[in-house]
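Visitor: Task: produce atomic coordinates for the following.
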Amino acid sequence: MCGRYASSRDPADLVVEFEIEAGNVRESVQELPDNYNVAPTDQVIAVVERTNREVPDETVRKLTTVKWGLVPSWAKDTSIGNRLINARMETVAEKPAFKKAFATRRCILPADGYYEWYKSEQKVNGKPVKQPYFIRPADGGVLAMAGLYEIWRDKTVEDPDSDEAWLWTCTVLTTTATDDLGRIHDRMPLLVERERYDAWLDPLSSDPDDLLDLLVPAAPGRLEAYAVSKAVSSVKNNGPHLIEPLPPDGADPVDKPEEPEETTLF
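Guide: Here you go, the predicted structure:
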């Protein structure tokens with residue numbers, strides 16, 4: 001699964017990477033702070049492509065923000081989103097919660113990289129210690145995660161033209177991890193390669209087989225993984241220090257015992 005990731009790219013860089021016109025960047029994108037510990041229910045940046053209302057055969061690509069945790073349009077309330085943070089590639093075209101979005105509402109979720117937890121041989125109170133790893137493109141580029149988005153109507157808001165009447169949500173597509181990453185976790189997010197951005201985002205394309213052919217696990221060596229501090233395990237922690245690799249000796253700052261407060265004897 002993919003349950004945490006880092007997102008700190010400058011929107012200006014994303015506009016270039018995904019070929020988005022400056023006027024198609026929502027204000028909420030500029031207002032979203034860097035987040036090195038993105039968790040479900042957080043607002044995240046998404047690249048979407050929508051049909052032009054005035055010219056149905058044309059599409060418009062936008063950079064926007066959505067809430068992580070998909071809420072299908074038919075859902076009675078938003079609570080289902082807490083369980084739909086990932087969609088498995090193997091079943092996404094058939095599952096009722098994802099089928100419609102997979103056909104017409106696909107997106108790309110840009111990230112610096114994502115976190116996974118490895119169950120180490122070390123144990124505490126009889127339970128394996130989980131060591132977090134940060135996994136990112138080896139070339140330092142954008143991690144373009146394949147996603148789906150939905151638009152849910154909040155019927156408690158009477159005015160349908162109000163932004164508050166519509167909740168935009170998303171999910172991350174996952175697949176079996178490649179051999180070099182499978183040692184850490186058996187699932188990983190699906191990536192969209194640059195030459196496939198257009199085909200994946202195109203809302204006018206809906207053939208399931210064609211769409212699934214666009215998605216492939218990262219090629220061997222495309223991603224690199226390294227151990228990071230267990231501080232990322234708490235959503236309360238944030239900042240660039242979370243993606244810094246542990247030193248060669250593996251010492252983790254959060255494992256160090258607190259130094260006793262200095263006292264003065266009179």
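
Visitor: May I have the beta-bridge partners of A146?
Guide: Per DSSP bridges, the residues bridged to A146 are I108.

Visitor: where exactly do the helices run in the stretch 151-266 of the chain?
Guide: With DSSP state H, counting those that start in this stretch as the definition, the stretch 151-266 of the chain shows helices at residue ranges 179-182, 197-201, 208-214.

Visitor: Contacts for the last one, please.
Guide: Applying CB atoms under 8 Å, 6 or more residues apart in numbering, the contact partners of helix 208-214 are M89, A93, F102, A103, R106, V192, R196, A199, W200, S205. C-beta here means a position set from N, CA and C on the backbone, and glycine is covered the same way.

Visitor: Mind giving me the ChimeraX select for those, buried ones only?
Guide: For selection in ChimeraX, the members of the contacts of helix 208-214 meeting the burial criterion (16 or more other CB atoms under 10 Å) are listed in this command:
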select :89,93,102,103,106,192,196,200
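
Visitor: Looking at the contacts of helix 208-214, which are in strands?
Guide: R106 (DSSP state E).

Visitor: tell me the least confident of the contacts of helix 208-214?
Guide: Model confidence across those bottoms out at S205, which has 90.

Visitor: Could you check how far it is from R105?
Guide: The span separating S205 from R105 equals 12 Å under the rule CB to CB, to the nearest Å.

Visitor: do A227 as well
Guide: On the measure of CB to CB, A227 and R105 end up 36 Å apart.

Visitor: W168 now?
Guide: Per CB to CB, W168 is found 10 Å from R105.

Visitor: list the residues that contact both of those two?
Guide: By the contact definition CB under 8 Å, 6+ apart, W168 and R105 are jointly contacted by Y149, E150, I151.

Visitor: The one helix or strand the first one maps to: which residues count as buried?
Guide: Just to be clear, that refers to Y149. Per DSSP states H and E, Y149 falls inside strand 143-153. Using 16+ other CB under 10 Å as the test for burial, strand 143-153 gives L143, A144, M145, A146, G147, L148, Y149, E150, W152.

Visitor: Could you pull up the residues touching the fourth one?
Guide: Residues in contact with A146 (CB under 8 Å, 6+ apart) are R106, I108, L109, V172, L173, P189, L190, L191, V192, W200, L215.

Visitor: ok, so of these, who is nearest A46?
Guide: The shortest separation between A46 and any of those is 5.6 Å, and it belongs to L109 (by CB to CB).

Visitor: can you pull the contacts of T65?
Guide: When contacts are taken as CB under 8 Å, 6+ apart, T65 is in contact with R26, S28, V29, L32, Q43, V44, I45, A46, W168.

Visitor: next one: K100
Guide: Shown in contact with K100 (CB under 8 Å, 6+ apart): P72, S73.

Visitor: That one: what secondary structure?
Guide: Here K100 takes the helix state, with states given by DSSP: H, G, I helix; E, B strand; the rest coil.

Visitor: There's contact between M188 and T174 in this structure, I believe.
Guide: Yes. Using CB atoms under 8 Å, M188 is in contact with T174, at 6.4 Å.

Visitor: shared neighbours, these two?
Guide: Shared contacts of M188 and T174 (CB under 8 Å, 6+ apart): C2.
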